[in-house]
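> Need a 3D model of the following:
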Amino acid sequence: MLRLLKGHKIYSMLTGKCPVCHKGDMYMEKNPYILSKTLKMHDRCSHCDTKFKIEPSFFYGAMYVSYGVGIAFGVAAFIITYFFLGGGLMASFLAIVGTLVLLLPIISRLSRNIWINIFMDYNKEAASQHLS
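Sure thing, here's the model as predicted:
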């Protein structure tokens, strides 16, 4: 399913692949729940040599994106709990907190992926060539 999105920014955002070639991994560990390695990134793409950390403190901007992504997940948890499951306000509050705590590693990575994709575009030529 995600292969259909290859060549679009959403593919890189959802998979954590290089925003330029969509082939190399940005993160050293695929599993975001290994907390000591959640945000450890490669310096460069193994396929196209794109530098991920454009400048020092580049990913501080991802904190702003993280806020928005967290709000979206929280609103979704509220709507599901309150309207679809018929829970009260306390149940909805606990669902929001639980969702944000359980999905924190995913939200952190997703916000970084969105942030870097704001500044980099897919390049078909970079995807087709490979470093020797």
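> Touching, residue 113 and residue 22? I think so.
No - with contact defined as CB atoms under 8 Å, residue 113 does not reach residue 22; the gap is 11.8 Å. Just so you know, the C-beta spots here come from the backbone N, C-alpha and C atoms, and that holds for glycine as well.
> Spit out the residues that contact these two alike.
With contacts taken as CB atoms under 8 Å, 6 or more residues apart in numbering, residue 113 and residue 22 have residue 12 as neighbours in common.
> Which residues are in contact with the closest residue to residue 123 other than its chain neighbours?
Once flanking residues are discounted, residue 123 sits nearest to residue 20: 5.1 Å by CB to CB, 6 or more residues apart in numbering. For residue 20, the contacting residues are 45, 48, 50, 120-123, 126-127, by CB under 8 Å, 6+ apart.
> name the element residue 20 belongs to?
Using DSSP states H and E, residue 20 maps to neither a helix nor a strand.
> With residue 129 as the reference, measure out to it.
In this view, residue 20 and residue 129 are 11 Å apart by CB to CB, to the nearest Å.
> quick check: longest helix of the chain.
The longest helix of the chain (DSSP state H) is helix 62-79.
> Tabulate the CA atom coordinates of it in CSV.
Output of helix 62-79 as CSV, limited to C-alpha atoms (Å, rounded to 0.1, in the frame of the first residue of the first chain):
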residue,chain,number,x,y,z
ALA,A,62,10.2,19.6,14.8
MET,A,63,9.0,20.4,18.4
TYR,A,64,6.4,22.7,16.9
VAL,A,65,5.3,20.0,14.5
SER,A,66,5.2,17.6,17.4
TYR,A,67,2.7,19.8,19.2
GLY,A,68,0.4,19.8,16.3
VAL,A,69,0.7,16.0,15.7
GLY,A,70,0.1,15.4,19.5
ILE,A,71,-3.0,17.6,19.3
ALA,A,72,-4.3,15.6,16.3
PHE,A,73,-3.8,12.3,18.2
GLY,A,74,-5.4,13.7,21.3
VAL,A,75,-8.4,14.9,19.5
ALA,A,76,-8.8,11.6,17.7
ALA,A,77,-8.6,9.8,21.1
PHE,A,78,-11.2,12.1,22.5
ILE,A,79,-13.6,11.6,19.6
